[in-house]
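Undergrad: Sequence and predicted model, in that order:
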Amino acid sequence: MFTWHKYSFVLALTLTAVGCASTSNTSLNPDAPITLSKQGSFFVGGRDVKSDSLSALPRYAPKEGGTVAVEQMYVHYQEPINAKLPPLVLMHGCCLTGKSWETTPDGRMGWDELFVRRGFPTYVIDQVSRGRSAAETSSIVKAKAGRAESGTLPQVFNAARESAWTLFRFGPEYPRVFPGMQFPLEAQAELWKQMVPDWFNALPTPNPTVPALSQLAQKLNGAVLVGHSQSGIYSFQAAALSRQGVAGIVAIEPGACQAPTVDMKPYANLPILVVWGDNTEASSLWGPRPKQCGDFVAAANKAGAKAQMVMLKDVGFPGASHMLMQDKHSIEIGNWLADWLEKNVTR
């Protein structure tokens, strides 16, 4: 065994070390070492595009065109010693990347680390065309070169911090704050640095992230799909595409749940948890969504699902914002969620 920084990497042949080292996996002291069996990264899905519009720069634009890979989904993973199964797949929301689940803006342990310390293999993705998952840009090059109308440009947007303030429910309007809201506003500048251009509206239908999630769940031989906000619906869509490999669903403040009128067979016997923070009723955007998800939960349970919807204030965590995995009580919420997973999900 050798140690580097906070992590202790154990060679596969060092089997005798497993018994004594595994206790560090359950330590929630952020200064304690983490013992991993392995970590790494890979891509899922994607397709090749051959085009003569890959670059407006002559050096990078061969006359005969060229080929690039697009719509692949980036995955970074950490697996602790004596891991509990199934693993967790953590999906970020609008205007963000997998960074959402890492170190909080005020420097505390993120959920990617917390769940590893709780013994869960943790897989953090970047949605297709976000972060380290490549976007398809040939339409931009064509318009830049005058070979296409500006109306063909992809619909890409940046969310301003003023609009994100209300979207994330820090307050009713920028810069007012909801009483008792738990996001660490003293570190808000670090959150704004996490935000990136959003290509969601430029992607084909169905969103390529969904089949990639289905492939990943099957690759992992069973996983809990944990979606947040924009990606909250993806877990339900992936299960509808194929139940193979889907061991459970956690939808954290989902942008939408499935309609209660859809085919519920994919959710039979499936553990499902939908989680909400505070002040949804104060938002015209979020106000209707808990009811819509509640209708889905009721319909899914009639079809044999094991679905629950929880308002965090009802289980002892008032003041949760939309970015609840980064709130001041994020560790307590994460531990509550880990307990729920241990009790309700099996591989």
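TA: Noted; the coordinates are in hand.

Undergrad: Excluding covalently adjacent residues, which one is nearest to the residue most central in space within the chain?
TA: Taking C-alpha atoms, centre = their mean as the criterion, residue 91 is the residue nearest the geometric centre of the chain, at 1.2 Å. With C-beta to C-beta, 6 or more residues apart in numbering as the measure, residue 231 is the residue that lies nearest to residue 91, at 3.9 Å, once sequence neighbours are left out. No exception for glycine: its C-beta is placed from N, CA and C like everyone else's.

Undergrad: how many neighbours does the one you found have?
TA: Close neighbours of residue 231, defined as other C-beta atoms under 10 Å, add up to 29.

Undergrad: How about residue 227?
TA: Counted with other C-beta under 10 Å, the burial measure for residue 227 works out to 28 neighbours.

Undergrad: who does it bridge with?
TA: Beta bridges link residue 227 to residue 91, residue 251 when assigned by DSSP bridges.

Undergrad: Report pLDDT for it.
TA: Residue 227 is assigned a predicted lDDT (pLDDT) of 98.

Undergrad: Residues contacting stretch 50-62, please?
TA: With contact meaning C-beta atoms under 8 Å, 6 or more residues apart in numbering, stretch 50-62 is reached by 63-68, 137-139, 141-142, 144-145, 147.

Undergrad: Excluding chain neighbours, give the residue nearest to the residue lying farthest from the centre of the chain in space.
TA: Relative to the C-alpha centroid of the chain, counting by C-alpha atoms, centre = their mean, residue 63 is the outermost residue, at 39.6 Å. With sequence-adjacent residues excluded and distances taken as C-beta to C-beta, 6+ apart, residue 63 is closest to residue 52, at 7.9 Å.

Undergrad: rewinding a little: now do the contacts for the residue nearest to the centre of the chain.
TA: Each residue near residue 91 by C-beta under 8 Å, 6+ apart is listed here: 125, 127, 209, 213, 225, 226, 227, 228, 231, 234, 235.

Undergrad: For it, give me the pLDDT.
TA: Turning to residue 91, the model gives it a pLDDT of 98.

Undergrad: same deal with the one 3 residues further on?
TA: As predicted, residue 94 sits at a pLDDT of 97.

Undergrad: contacting residues for it?
TA: When contacts are counted by C-beta under 8 Å, 6+ apart, residue 94 is found next to 159, 167, 198, 200, 229, 230, 255.

Undergrad: Would you verify that it is located in a strand?
TA: No - when the secondary structure is assigned by DSSP: H, G, I helix; E, B strand; the rest coil, residue 94 falls in coil instead of a strand.

Undergrad: gap between it and residue 110?
TA: Noted for residue 94: a distance of 19 Å to residue 110, by C-beta to C-beta, to the nearest Å.

Undergrad: how many other residues sit next to the residue nearest to residue 198 when sequence neighbours are not counted?
TA: Nearest residue to residue 198, sequence neighbours excluded (C-beta to C-beta, 6+ apart): residue 95, at 4.7 Å. Here the count is done by other C-beta under 10 Å, and residue 95 has 22 residues near it.

Undergrad: shouldn't residue 95 be in contact with residue 161?
TA: No - Residue 95 is beyond contact range of residue 161, at 10.4 Å (criterion: C-beta atoms under 8 Å).

Undergrad: list residues touching both of these two?
TA: Contact with both residue 95 and residue 161 is made by residues residue 195, according to C-beta under 8 Å, 6+ apart.

Undergrad: hang on, the earlier thing: helix/strand/coil for the residue nearest to residue 91?
TA: Applying three-state DSSP to residue 231 yields a three-state assignment of helix.

Undergrad: Okay, helices next: where are they in the stretch 1-150 of the chain?
TA: If DSSP state H, counting those that start in this stretch is used as the criterion, the helices of the stretch 1-150 of the chain fall at 18-21, 111-117, 138-144.

Undergrad: Including distance to residue 248 and mean neighbour count, could those go into JSON lines?
TA: As requested, the helices of the stretch 1-150 of the chain are exported to JSON lines (distance: least, C-beta to C-beta, whole Å; neighbours: other C-beta atoms under 10 Å):
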{"stretch": "helix 18-21", "distance to residue 248": "26", "mean neighbour count": "13"}
{"stretch": "helix 111-117", "distance to residue 248": "13", "mean neighbour count": "24"}
{"stretch": "helix 138-144", "distance to residue 248": "38", "mean neighbour count": "17"}
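
Undergrad: which sections of the protein are below the confidence cut-off?
TA: For the chain, residues meeting the criterion pLDDT under 70 lie at 1-27.

Undergrad: What count of nearby residues applies to the nearest residue to residue 77 once chain neighbours are set aside?
TA: Setting aside the residues directly before and after it, residue 77 is nearest to residue 123 in space (C-beta to C-beta, 6+ apart), at 4.5 Å. Residue neighbour count, defined by other C-beta under 10 Å, stands at 27 for residue 123.

Undergrad: could we number from 17 for the rest of this?
TA: Sounds good: first residue 17 from here, last item residue 139.

Undergrad: what pairs with residue 139 across the strands?
TA: Using DSSP bridges, the bridge partners assigned to residue 139 are residue 93, residue 105.
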